[in-house]
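Mind looking at a prediction? Sequence and model below.
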Amino acid sequence: MRAARLAALLSKTTGHQALTTDEAELIRIEVAISEPLSETAHTALLTALRTADHFGFERVDGRAHVWATLKKPKA
């Protein structure tokens, strides 16, 4: 499954457990990141995120995380 592969890549790259949420039309994956990232980790993170339909970065209460969404296939 595409979402499971992306979640595993994000967890491996960041060293944090990815959280996957199943929503109506999409699957959302979020993972915390420790800053600063090494150049290698940063490149691997961006490479993984590029496999998503949408992705972004947020900082909430001083904690950084990235998110990615994948559209669910039409039934």
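Happy to help now that I have it.

shaky segments in the chain?
Low-confidence segments of the chain (pLDDT under 70): 75.

top helix in it by residue count?
helix 2-14 (DSSP state H).

Not counting that helix itself, show me its contacts.
17-18, 20, 27, 29, 31-34, 41, 44-45, 48-49, 51-52, 66, 68, 70 (CB atoms under 8 Å, 6 or more residues apart in numbering). The way it works is simple: take the backbone N, C-alpha and C, and place the C-beta from them, glycine included.

Weed out the non-buried ones from the residues you listed.
Among the contacts of helix 2-14, the ones that count as buried by 16 or more other CB atoms under 10 Å are 18, 20, 27, 29, 31, 33, 41, 44-45, 48-49, 52, 66, 68, 70.

Of those, which belong to strands?
Among the buried ones among the contacts of helix 2-14, the subset assigned to strands under DSSP state E consists of 20, 27, 29, 31, 33, 66, 68, 70.

Residue 17 is in contact with the fourth one, correct?
Yes - checked against CB atoms under 8 Å, the pair residue 31 and residue 17 is within contact range at 7.4 Å.

residues near residue 10, how many?
Using other CB atoms under 10 Å as the criterion, residue 10 is surrounded by 29 other residues.

same check, this time on the one 5 residues further on
Using other CB under 10 Å, the number of residues around residue 15 comes to 11.

likewise residue 69?
19.

what's it in contact with, if anything?
Applying CB under 8 Å, 6+ apart, the residues contacting residue 69 are 26-29, 52-55.

same thing but 6 Å
26, 28, 53-54 (CB atoms under 6 Å, 6 or more residues apart in numbering).

Any of those buried? List them.
Applying 16+ other CB under 10 Å to the contacts of residue 69 flags 26, 28 as buried.

Between which two of the contacts of residue 69 is the distance greatest?
28 and 53 (10.6 Å; CB to CB).

residues touching residue 33, list them.
14, 64, 66.

Is the second one bridged to anything, and to what?
Here residue 64 sits in beta bridges with residue 33, residue 59, going by DSSP bridges.

Please report how far it lies from residue 33.
Distance, residue 64 to residue 33, using CB to CB, to the nearest Å: 5 Å.

intersection of neighbour lists for those two?
With CB under 6 Å, 6+ apart, residue 64 and residue 33 have no common neighbours.
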